[in-house]
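J.: the sequence and its predicted three-dimensional model are supplied below.
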Amino acid sequence: MRSQGTIVGLAVSACVLAGCSSNSPVSQAPAGSSEASAGSFDAAVPVNYVALGDSAASGPRIPDQVGAPGCQQSDANYPHVLAEELAVGSFDDVTCSGAVTENIVSTPQGTSSGEVPVQLDALSPDTDLVTVTIGGNDIGLVSTAVQCLTFADTSATNVCRDRLTAGGVDTVAAAIADSAPSWGAMLDAVAERAPDARILVVGYGTYLPDGGCFPTQPMLPEDADYIQGSITAMNEALRTQAEEHGAEFVDTEALSVGHDVCVAPDQRYFEGVVPQNPAAPLHPTAAGMAAIADRVATLVRAG
């Protein structure tokens, strides 16, 4: 039987994906990040910084929650920490839980506390630095991961990976391929609104170790590897779009190895199904946000 805490965890995962409201609440630079800069940037001068993205950037349930309640935005998310680290001249965080790419470029986002404007509206020709984390909701990442949770210890009763790759068609890989062009178009739109800005696409991290950790986290080894492999595939597509559209990709998978949902709570950069830290299930913790901010700050200061 599922425990009450696990059921709550699953419900919160689905709620975060949909953008429901909530009143609750440094590592070495990894190899392989793109260093090509889009636009001029002087790290010695205070900059005008705008943060775009979804719940992986907004920080649902991490104290303290600020901004539009339906966006579940934390003042300890990586954009806020980065803004403080860089001592920016101005800062506008329009990240919002449940956001998809269309909410950045063309469609206002409906939340449980009302509609929020298109995120692109926060940009201007004076913007110097932009971070964006998007894509997970485009491909249904959290909802897919939730579908793969199981309390049976044998794959005979759980066919998540097989179901998602039935007939030789990987449905998550197909969703990534379908969404990738829209990520490139979004980056072009960002560059048009902020032609002198440095644009950094901040990727998604290592949520699961090889083989997972059933039953600590209720996902079988083959499914854990499938989900994390899909995250890696999404990151590679985001990297390609960044490189092809004049932006930079920031790899957070490497920096979060060993800080996944399976390790001790005080070492986690991402929370599990039943959170042990004040963070949403399957989302970054405050420590994870700080590590991401440190990685991005290192890149920015390097110029």
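T.: It's in. Numbering: from 1, shown residues only.
J.: residues contacting the spatially most central residue of the chain?
T.: For the chain, the residue sitting closest to the mean C-alpha position, by CA atoms, centre = their mean, is residue 56 at 3.0 Å. Shown in contact with residue 56 (CB atoms under 8 Å, 6 or more residues apart in numbering): 133, 136, 204, 283-284. All C-beta atoms are positioned from the backbone trio N, CA, C, and that covers glycine.
J.: just say helix, strand or coil for it.
T.: helix (DSSP: H, G, I helix; E, B strand; the rest coil).
J.: how much space between it and residue 300?
T.: Distance, residue 56 to residue 300, by CB to CB, to the nearest Å: 19 Å.
J.: kindly report the same for residue 278.
T.: The value you get for residue 278 to residue 300, if CB to CB is used, is 28 Å.
J.: ok, now residue 245?
T.: Here residue 245 is placed at a distance of 19 Å from residue 300 (CB to CB).
J.: one more: residue 168?
T.: Distance from residue 168 to residue 300, by CB to CB: 43 Å.
J.: with residue 109 instead?
T.: 27 Å.
J.: what about residue 276, distance to residue 80?
T.: 23 Å.
J.: quick one: which of these two has more around it?
T.: Applying other CB atoms under 10 Å to residue 276 and residue 80 shows that residue 80 carries more neighbours, namely 21 against 13.
J.: the more buried one and residue 88 touch, don't they?
T.: No. With contacts counted by CB atoms under 8 Å, residue 80 stays clear of residue 88, the gap being 10.6 Å.
J.: quick check: closest non-adjacent residue to residue 128.
T.: Closest residue in space to residue 128, ignoring its immediate chain neighbours: residue 47 at 3.8 Å, by CB to CB, 6 or more residues apart in numbering.
J.: cool, residue 259 as well?
T.: Here the residue nearest residue 259, using CB to CB, 6+ apart, is residue 269, at 3.8 Å.
J.: next: residue 295.
T.: Using CB to CB, 6+ apart, the closest residue to residue 295 is residue 255 (5.5 Å).
J.: that neighbour: how many residues sit nearby?
T.: 22.
J.: ok, residue 163 to residue 136 distance?
T.: Residue 163 is 20 Å from residue 136, by CB to CB.
J.: for those two, indicate the residue with more neighbours.
T.: The neighbour comparison of residue 163 against residue 136 (other CB under 10 Å) goes to residue 136, with 24 against 11.
J.: now for that one: which residues touch it?
T.: Residue 136 neighbours (CB under 8 Å, 6+ apart): 54-56, 142, 204, 234.
J.: now do 6 Å
T.: Counting by CB atoms under 6 Å, 6 or more residues apart in numbering, residue 136 touches 54, 56.
J.: which non-adjacent residue is nearest residue 137?
T.: With CB to CB, 6+ apart, the residue lying closest to residue 137 is residue 100, at 4.8 Å.
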